[in-house]
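Visitor: 3D model of this:
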Amino acid sequence: KVLDASTLSFGTRVKWFAICFVAGIACSILGTTLLWLPKGVKLFAVFYTLGNIAALASTCFLMGPLRQLKAMFDPERLIATVVMLLFLVLTLCAVFWWNNKKGLALLFCILQFLAMTWYSLSYIPFARDAVIKCFSSCLG
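Guide: Now for the predicted structure:
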């Protein structure tokens, strides 16, 4: 029952959701402020990625980890989930394994943000359609 959110009280689940979500935001903000230091791109990429992971993990407290994973890999958000996770990994690869490629790390952080946004919009009914319609009318 550890992987079931129902084993925790509603108040406990909401409290841990808030803690993880706020920690995620704090990590992202901290990473952004560290970007301007001499080795700041590496710190930025790490903290920004950790922030996104913490924000993503926060919903596990509301839904439960298994239900969260099932929802993440539902057909309507499968591609968004895979792309989001891919950019999380690629960001870390760019700073740790590919000789600290700063430009690539920044690009992957931007793509990570866009992928996380698109993924998050999948939980709001018709939000993706509205975004597509908005961009279509602005561009066409």
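
Visitor: Kindly provide the distance from F73 to T81.
Guide: 6 Å (CB to CB, to the nearest Å). In this view, the C-beta of every residue, glycine as well, is placed from N, C-alpha and C.

Visitor: what about the two, which has more around it?
Guide: Set side by side, F73 and T81 show more neighbours around T81, with 19 against 11, by other CB atoms under 10 Å.

Visitor: pLDDT weak spots in the protein?
Guide: 1-6, 100 (pLDDT under 70).

Visitor: ranges for the strands of this structure?
Guide: In the chain, no strands are defined using DSSP state E.

Visitor: Point to the residue nearest the middle of it.
Guide: The residue lying closest to the centre of the chain (CA atoms, centre = their mean) is N52, at 3.5 Å.

Visitor: Would you state the helices of this protein in chain order?
Guide: 10-34, 40-63, 65-72, 78-96, 102-121, 127-139 (DSSP state H).

Visitor: Need the winner for burial among the ones you listed.
Guide: helix 40-63 (a mean of 20; mean count of other CB atoms under 10 Å).

Visitor: could you give the angle of that helix to helix 102-121?
Guide: Between helix 40-63 and helix 102-121, the angle comes out at 20 degrees (axes from the mean of the first three to the mean of the last three CA atoms, to 10 degrees).

Visitor: what packs against helix 40-63?
Guide: The criterion is 3 or more CB pairs under 8 Å, 6 or more residues apart in numbering; DSSP states H and E, and the helices and strands that helix 40-63 contacts are helix 10-34, helix 65-72, helix 78-96, helix 102-121.

Visitor: Which one of the ones you listed lies nearest to K42?
Guide: Closest to K42 of the helices and strands packed on helix 40-63 is helix 78-96 (CB to CB; 4.5 Å).
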